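K.L.:
here are the coordinates; sequence isn't available:
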């Protein structure tokens, strides 16, 4: 699992602006059934406010008490919860989750340059893959639990003792960033947990009409980055889509010149304007975007594909039309839910038959 940073950023930016240290919780180990898996993050402020979830809200209250000590004294702490007994006697919470978790709490503040959050936030803003390491356990005299290891290319990592400055550590960070997978480097006297940054999928929405609003709302709640494009100036209003990454005014046939199409995980065509949708599909057929959704009934799809002629082959295996899962409902919100649900499943590895074959 990768580290999802977006939900933590507002609290991080607020506390950093005020110069107040925080506690970052990193879920490093789980056993049995748990709400989150290794790599999940939670950020806890000195006043007890937190962002991100480690459990379904069951353990966060207790974790805040541990976080206060970490913020106050700067020493990292490993906090363990074991709910695998029938009545959770140890914690008295009665969760019945049948799982165990280990969370490493480390101080993030002026004393350590706000790391590792400063590095992760910068990488997210630049949309660059990265991974960081945190020392979970250590008996080594020169390094203590909670020590943060950044990629050497980051230029912000302090000189580290030989065990953590070894090439093998940097190679593990590189592989974790490339593969998007957590990992461990274990030595006799220390254990390093490595977690990559999760880059949100980029979604291209072609058509910024009123029914695009709930699509953007759902997508933003999931942490996706949405770019909207429309040729109608009356629709290209940023205030209508406060969560969108960008809203672009451009002619459909000029799409590839107005927006860099590399790096998008999906494109959804929903302009409700037949000539515009045809132009969008023509551009998308020549792109490498792996998922192309088209709003509208099968008859409309057939007409557009016929008008595309031989260019339609470029959409083979990628076109989902009519876009969305058959959830029922005809309201804009219901349609948006169906679209986002199908796209969510696609992004997480589910497969669906397409209009032109899988």
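P.N.:
That came through, no problem. These numbers come from a predicted model, not from an experiment.

K.L.:
Give me the distance between the two termini of stretch 127-144.
P.N.:
31 Å (Cα to Cα, to the nearest Å).

K.L.:
Name the residues of that stretch that are buried.
P.N.:
For stretch 127-144, the buried set under the neighbour-count rule, 16 or more other Cβ atoms under 10 Å, comprises 129-138, 140, 143. In this view, the C-beta of every residue, glycine as well, is placed from N, C-alpha and C.

K.L.:
One more: stretch 276-288?
P.N.:
Quick answer for stretch 276-288 (16+ other Cβ under 10 Å): 276-285, 287.

K.L.:
would TSV of those with secondary structure be doable?
P.N.:
Output for the buried residues of stretch 276-288, formatted as TSV (DSSP: H, G, I helix; E, B strand; the rest coil):
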residue	secondary structure
276	helix
277	helix
278	helix
279	helix
280	helix
281	helix
282	helix
283	helix
284	helix
285	helix
287	coil
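
K.L.:
how about the helices of the stretch 101-250 of the chain, start to end?
P.N.:
Under the criterion DSSP state H, counting those that start in this stretch, the stretch 101-250 of the chain contains helices at 117-126, 162-165, 167-179, 212-221.

K.L.:
Where among those helices is average confidence lowest?
P.N.:
Lowest mean pLDDT of these: helix 162-165, a mean of 76.

K.L.:
helices or strands up against that one?
P.N.:
The contact analysis (3 or more Cβ pairs under 8 Å, 6 or more residues apart in numbering; DSSP states H and E) places helix 162-165 against no helix or strand.

K.L.:
Pull out the buried residues from that helix.
P.N.:
Neighbour counts using 16+ other Cβ under 10 Å place 163-164 of helix 162-165 among the buried residues.

K.L.:
wait, what's in contact with the residue lying closest to residue 82 once chain neighbours are set aside?
P.N.:
In space, and not counting its chain neighbours, residue 82 is closest to residue 100: 4.2 Å by Cβ to Cβ, 6 or more residues apart in numbering. Applying Cβ atoms under 8 Å, 6 or more residues apart in numbering, we find residue 100 in contact with 30-32, 34, 80-84.

K.L.:
from those, which is closest to residue 242?
P.N.:
Residue 242 lies nearest to residue 34 out of the contacts of residue 100, by Cβ to Cβ, at 33.9 Å.

K.L.:
So what's the residue count around the closest one?
P.N.:
20 (other Cβ atoms under 10 Å).

K.L.:
That one and residue 178, how far apart?
P.N.:
From residue 34 across to residue 178, the span is 26 Å (Cβ to Cβ, to the nearest Å).

K.L.:
Widest-spaced pair of the buried residues of stretch 127-144?
P.N.:
Across the buried residues of stretch 127-144 (Cβ to Cβ), the longest gap, 28.9 Å, separates 129 and 140.

K.L.:
Do me a favour and get the end-to-end distance for stretch 102-121?
P.N.:
End-to-end for stretch 102-121, by Cα to Cα: 24 Å.

K.L.:
Can you point out the buried residues in it?
P.N.:
Buried, per 16+ other Cβ under 10 Å, within stretch 102-121: 102-109, 112-121.

K.L.:
Also stretch 319-331?
P.N.:
Under the neighbour-count rule (16+ other Cβ under 10 Å), stretch 319-331 has 319-325 buried.

K.L.:
what's the spacing between it and its chain's center?
P.N.:
24 Å (Cα atoms, centre = their mean, to the nearest Å).

K.L.:
And for stretch 250-268?
P.N.:
22 Å.

K.L.:
Kindly report the same for stretch 75-87.
P.N.:
Distance, centroid of stretch 75-87 to centroid of chain: 26 Å (Cα atoms, centre = their mean).

K.L.:
Kindly report the same for stretch 20-39.
P.N.:
On Cα atoms, centre = their mean, the centre of stretch 20-39 falls 16 Å from that of its chain.

K.L.:
what pLDDT, on average, does that stretch get?
P.N.:
Rounded mean pLDDT across stretch 20-39 is 90.

K.L.:
Compute the first-to-last residue distance for it.
P.N.:
Using Cα to Cα, the span of stretch 20-39 from its first residue to its last is 24 Å.

K.L.:
in the protein, what spans have low per-residue confidence?
P.N.:
1-2, 85-98, 153-161, 351-358 (pLDDT under 70).

K.L.:
Nearest residue to the middle of it?
P.N.:
Residue closest to the mean C-alpha point of the chain, counted by Cα atoms, centre = their mean, is residue 200 at 4.0 Å.

K.L.:
Please list all residues in contact with it.
P.N.:
Counted by Cβ under 8 Å, 6+ apart, residue 200 has contacts 6, 223-225.

K.L.:
Just name the closest of the residues you listed to residue 209, please.
P.N.:
residue 224 (19.1 Å).
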